[in-house]
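> just a sequence and a predicted model for now, questions to come.
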Amino acid sequence: MSNDCYSSPRIHLDIRMLGAGVSTSTGIPDFRSAMDTVLPTGPGAWELRDNKTSRSKKAVVIDDMQKAIPSPSHMALVELQRRGILKCLISQNCDGLHLRSGMNPAHLAELHGNMNLEICKKCKARYLRDFDTDTGRLNHSTGRRCDKPECRGQLRDSIINFGENLPEDELNKAFDHAEKADVCLVLGSSLTVTPAADIPRRVAKRKKKLIIGNLQRTPLYNRATMNIHAFSDTIMQGLMERLNISIPPWILRRRVLVTCQNDSDKHKTTITIEGRDPDNAEIPFTLFESIQVIIGDRAKEEFTREPFVFEVSDKNVHPITVRLNFFGHYNEIPFELYYVNVKNVPKEEQFYLFYNPLKGEWHKTTDESDLPV
């Protein structure tokens, strides 16, 4: 692989991947790895089932996928997308790590859904949650309702279970990019499940470059321009070195919206605190386990359910502190908003919070590109 193949902004790099190569290094097991696999997570779930055995205690497996930290592969892909080299990332993972890593959803096709995403059955509105929405039910109902007053449709998790049809929009996006890709890099996929496996096959049929990075031989071995039998992180780290591009550290990104509405007749002000998707302000994001409001020296009032709305008297002259309590998957500390008094609360305030899990601190900014070093 030449450097020019990947460094030109004109190149349309279409990357398709599965959990074995990208998410296993974060501690999330895959489904199909053999009993003799060298993966630290051990054999795949279906392999263990077929062999009627359980996972070894020596396997390096995370106990909660919400706590998984994006791998070097995840972050390398984010950087390639930011630079315009990666045009579309096609994923069969439902662990939510691609969005969590900072991948722009406009360049992402999640064929098997996302454990953090709910979709309204009626109006198709999307809702992100900082918790697992997968109910395991056949009807996918989460028991929550659409926020829109004119809709109030049932919300469903977005997970695609075995035997269910893939989401049409995501699949169409994937095949559209397969028709344009100059290079398709497959990472950690067995390429045994269709129609997903047909995406790289289409690139090869167009006589474009198909590079497969997987520990085991795949059904498309003979169609590939190159086969690399290595861990996905090893492949991506080598590629980024060759391109002379640094892999950025992972930073947790949050967007917060504060709105304030005054009712002069009732002499009160209503303040609303909301989470929003950092890449799309129109998509609600459940970020807070609770919020606490402290006005002057009064006892703090705690709110544990959305919507987070509270009222303050217009006559109040005391300072207002709003403590945002997160779900703490990465041991995030609370973040406090401080206002001198109710008149100091802006009608609308939107900002980003970036959290460095290594330093254990938040960085507040209105610039989405102002990531802390």
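That came through, no problem.
> got a list of what I228 touches?
Residues in contact with I228 (Cβ atoms under 8 Å, 6 or more residues apart in numbering) are I211, I212, G213, N214, I235. For every residue, glycine as well, the C-beta is placed using N, CA and C.
> quick one: neighbours of the nearest residue to the fourth one once chain neighbours are set aside, just the number.
The reference is to N214. Nearest residue to N214, sequence neighbours excluded (Cβ to Cβ, 6 or more residues apart in numbering): G188, at 5.8 Å. Other residues lying near G188 total 29 when counted by other Cβ atoms under 10 Å.
> could you do R305 as well?
For R305, using other Cβ under 10 Å, the count is 6.
> could you look up the SS state of it?
coil (DSSP: H, G, I helix; E, B strand; the rest coil).
> list the buried residues for the longest strand seen in the chain?
Identified as the longest strand of the chain according to DSSP state E is strand 252-263. Neighbour-count burial for strand 252-263 flags L252, R253, R254, R255, V256, L257, V258, T259, C260, N262 (criterion: 16 or more other Cβ atoms under 10 Å).
> for the fourth one, give its distance to L117.
Relative to L117, R255 is positioned 16 Å away (criterion: Cβ to Cβ, to the nearest Å).
> host element of H177?
When elements are assigned from DSSP states H and E, H177 belongs to helix 168-178.
> list the buried ones in that helix?
E170, L171, K173, A174, H177, A178.
> same thing with stretch 209-219?
Neighbour-count burial for stretch 209-219 [16+ other Cβ under 10 Å]: K209, L210, I211, I212, G213, N214, L215, T218.
> so who does the fifth one touch?
Read it as G213. Contacts of G213 by Cβ under 8 Å, 6+ apart are G21, L185, V186, L187, G188, I228, A230, S232, I235.
> surely the residue nearest to N214 and S232 touch.
Yes. With contact defined as Cβ atoms under 8 Å, G188 counts as touching S232 (4.7 Å).
> circling back to that earlier point, check the residue nearest to N214 and give its pLDDT.
Looking at G188, its pLDDT reads 89.
> what's the answer for K315, then?
86.
> hmm, back to that, mind putting the buried residues of helix 168-178 in TSV, pLDDT and distance to L89 included?
Converted to TSV, these look like this (pLDDT from 0 to 100; distance: Cβ to Cβ, whole Å):
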residue	pLDDT	distance to L89
E170	95	11
L171	95	14
K173	95	10
A174	94	10
H177	94	9
A178	94	13
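> what's the domain layout of the protein?
Following automatic domain parsing, the chain resolves into domains at 3-115+159-243, 252-365.
> so which of the ones you listed comes closest to P149?
Taking Cβ to Cβ, domain 252-365 is the member of the domains of the chain nearest to P149, at 12.2 Å.
> measure the closest one end to end?
Distance between the two ends of domain 252-365: 13 Å, counting by Cα to Cα, to the nearest Å.
> now do stretch 189-201
13 Å.
> how about stretch 324-337: buried residues?
Buried positions in stretch 324-337, judged by neighbour count with 16+ other Cβ under 10 Å: L324, N325, F326, H329, Y330, E332, F335, L337.
> repeat that for stretch 301-321.
So for stretch 301-321, counting by 16+ other Cβ under 10 Å, buried means F303, E306, F308, F310, V312, N316, H318, I320.
> and these, which two are furthest apart?
Within the buried residues of stretch 301-321, two members stand farthest from each other by Cβ to Cβ: E306 and H318, at 25.9 Å.
> check contacts around N262.
K268, T269, T270, D314.
> any low-confidence regions in the protein?
The model of the chain has pLDDT under 70 over residues 1-21, 25, 27-63, 373.
> switch to 80 and redo it
The model of the chain has pLDDT under 80 over residues 1-64, 136-137, 299, 372-373.
> okay, helices next: where are they in it?
With DSSP state H, the ranges of helices along the chain come out as 3-7, 19-22, 45-50, 72-82, 97-101, 168-178, 198-205, 232-243.
> dump the ones you listed into JSON lines; add distance to G143 as well.
Output for these, formatted as JSON lines (distance: least, Cβ to Cβ, whole Å):
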{"stretch": "helix 3-7", "distance to G143": "46"}
{"stretch": "helix 19-22", "distance to G143": "28"}
{"stretch": "helix 45-50", "distance to G143": "27"}
{"stretch": "helix 72-82", "distance to G143": "31"}
{"stretch": "helix 97-101", "distance to G143": "23"}
{"stretch": "helix 168-178", "distance to G143": "25"}
{"stretch": "helix 198-205", "distance to G143": "34"}
{"stretch": "helix 232-243", "distance to G143": "36"}
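> looking at those, which is buried most?
helix 19-22 (a mean of 29; mean count of other Cβ atoms under 10 Å).
> how much space between M75 and I90?
18 Å.
> the residue most central in space within the chain: what's it in contact with?
Nearest to the geometric centre of the chain sits L99, at 2.3 Å (Cα atoms, centre = their mean). Taking Cβ under 8 Å, 6+ apart, we find L99 in contact with P105, L108, N114, N116, L128, D279.
> pull out the buried members of those.
P105, L108, N114, N116, L128, D279.
> hmm, the fifth one is touching N116, no?
Yes. Counting by Cβ under 8 Å, L128 sits close enough to N116 to count as a contact (5.6 Å).
> if we ignore the residues flanking it in sequence, what's nearest Q261?
That would be T270: by Cβ to Cβ, 6+ apart, it lies 4.8 Å from Q261.
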